[in-house]
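1. coordinates only, no sequence provided:
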């Protein structure tokens with residue numbers, strides 16, 4: 001569930017609604033007019049934008065026969081539970097990734113001069129993430145959009161509590177992209193960090209203010225580049241770029257039905273099931289606080 005790790009989390013109380021409302025507040029301009037003695041100024045008003053998302057249910061299950069339980073050497077229920085857990089995590093990660101990869105803030109990598117790429121179909125084999133200038137442009141864009149750096153992340157091993165990290169932007173990349181970045185001037189692999197105290201799971205390196213997290217589930221637009229090449233998406237974002245929501249107490253549930261529990265639908269006690277069910281929604285909160293770099297790989 002790497003793509004959910006950097007989200008703002010807002011749960012919905014039970015028996016209330018299935019729609020979560022995130023509120024986005026605009027910044028105030030600098031107050032440069034001197035105060036007049038004894039005169040109360042007009043004051044400012046908050047600029048508030050509501051962003052909503054609808055929480056849906058997702059789930060799956062596996063049927064287990066009594067014959068399989070009698071004849072297998074494996075602890076089948078334990079094995080099944082692990083497989084379903086992997087599927088549940090992959091499902092929520094994929095849902096979040098697809099929302100983020102559909103964002104409107106995009107930069108098409110172009111290793112020619114002058115740069116002319118203006119669409120995914122313009123990406124060709126030479127447009128790899130191997131030139132520092134592309135990352136510098138991305139960092140400049142986020143800073144220009146006043147995207148704040150992340151200072152905490154969600155930690156699954158701490159029951160989804162947050163843990164502090166040194167202020168940074170985060171990039172999610174595919175292992176094929178890591179291969180190209182490893183030769184980049186200015187790239188610092190994680191094993192050469194001076195301080196490894198807050199290294200994140202999956203972190204492979206850093207470039208200036210950006211820390212890179214690797215996953216095979218990073219978005220790939222298969223065959224959508226020039227000449228039918230695959231186009232890879234590298235997501236770079238700051239704090240409060242996106243959010244996720246669940247129904248309180250129903251975020252994730254493991255459901256096991258024993259043999260015979262179906263009554264007359266299972267008259268010979270031949271079938272049991274193990275499954276999972278989750279409530280979930282993901283939404284981009286601020287398009288300007290994230291950027292999708294589209295590029296090729298070696």
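-> Happy to help now that I have it. Values in this document were obtained by computation on a predicted structure and should not be read as measured data.
2. next up, the contacts around the residue nearest the centre of the chain.
-> Computing the C-alpha centroid of the chain and ranking residues by Cα atoms, centre = their mean puts residue 3 first, at 2.2 Å. Shown here is residue 3, whose contacts under the criterion Cβ atoms under 8 Å, 6 or more residues apart in numbering are 93, 96-97, 100, 172, 215, 217. Where you see a C-beta, it was placed from the backbone N, CA and C, and this is true even at glycine.
3. now swap in residue 189 and tell me
-> 182, 204-205.
4. before we move on, what about residue 131?
-> The neighbourhood of residue 131, defined by Cβ under 8 Å, 6+ apart, consists of 109, 111, 184.
5. what about the closest residue to residue 292 other than its chain neighbours, how many residues nearby?
-> Spatially, and ignoring its direct neighbours in sequence, residue 292 is nearest to residue 106 (4.7 Å; Cβ to Cβ, 6 or more residues apart in numbering). Using other Cβ atoms under 10 Å, residue 106 has 15 neighbouring residues.
6. now the phi/psi pair for residue 106, please.
-> Recorded main-chain torsions at residue 106 are phi -140, psi 150, according to degrees, to the nearest 10.
7. low-confidence stretches in the chain?
-> Counting by pLDDT under 70, the low-confidence segments of the chain come to 73-74, 155-161.
8. what does the top helix by length along it contact?
-> Across the chain, the longest stretch assigned as helix under DSSP state H is helix 76-100. Contacts to helix 76-100, defined as Cβ under 8 Å, 6+ apart, come from residues 1-4, 7, 58-62, 64, 68-69, 217-219, 235, 237, 242, 244, 252, 254, 256, 274-276, 278, 280, 282-284, 290, 292.
9. report the distance from the very next helix or strand once past it to the chain centre.
-> With elements assigned by DSSP states H and E, the helix or strand that comes after helix 76-100 is strand 106-108. Taking Cα atoms, centre = their mean, to the nearest Å, the mean C-alpha location of strand 106-108 is offset from the chain mean by 18 Å.
10. now the element after strand 106-108, going C-ward?
-> Sequence order places helix 132-144 as the next helix or strand after strand 106-108, per DSSP H and E.
11. that next one packs against which elements?
-> In terms of contact count using 3 or more Cβ pairs under 8 Å, 6 or more residues apart in numbering; DSSP states H and E, helix 132-144 is assigned the packing partners strand 106-108, strand 210-214, strand 231-237, strand 290-295.
12. for the following helix or strand past the third one, name the packing helices and strands.
-> Beyond strand 231-237 on the C-terminal side, the first helix or strand identified by DSSP H and E is strand 242-245. On a contact count with 3+ Cβ pairs under 8 Å, 6+ apart, strand 242-245 meets strand 8-9, strand 19-25, strand 48-54, helix 76-100, strand 271-284.
13. tell me the most buried of these?
-> Mean neighbour counts were taken over the helices and strands packed on strand 242-245 using mean count of other Cβ atoms under 10 Å, and the top value, a mean of 20, falls to strand 271-284.
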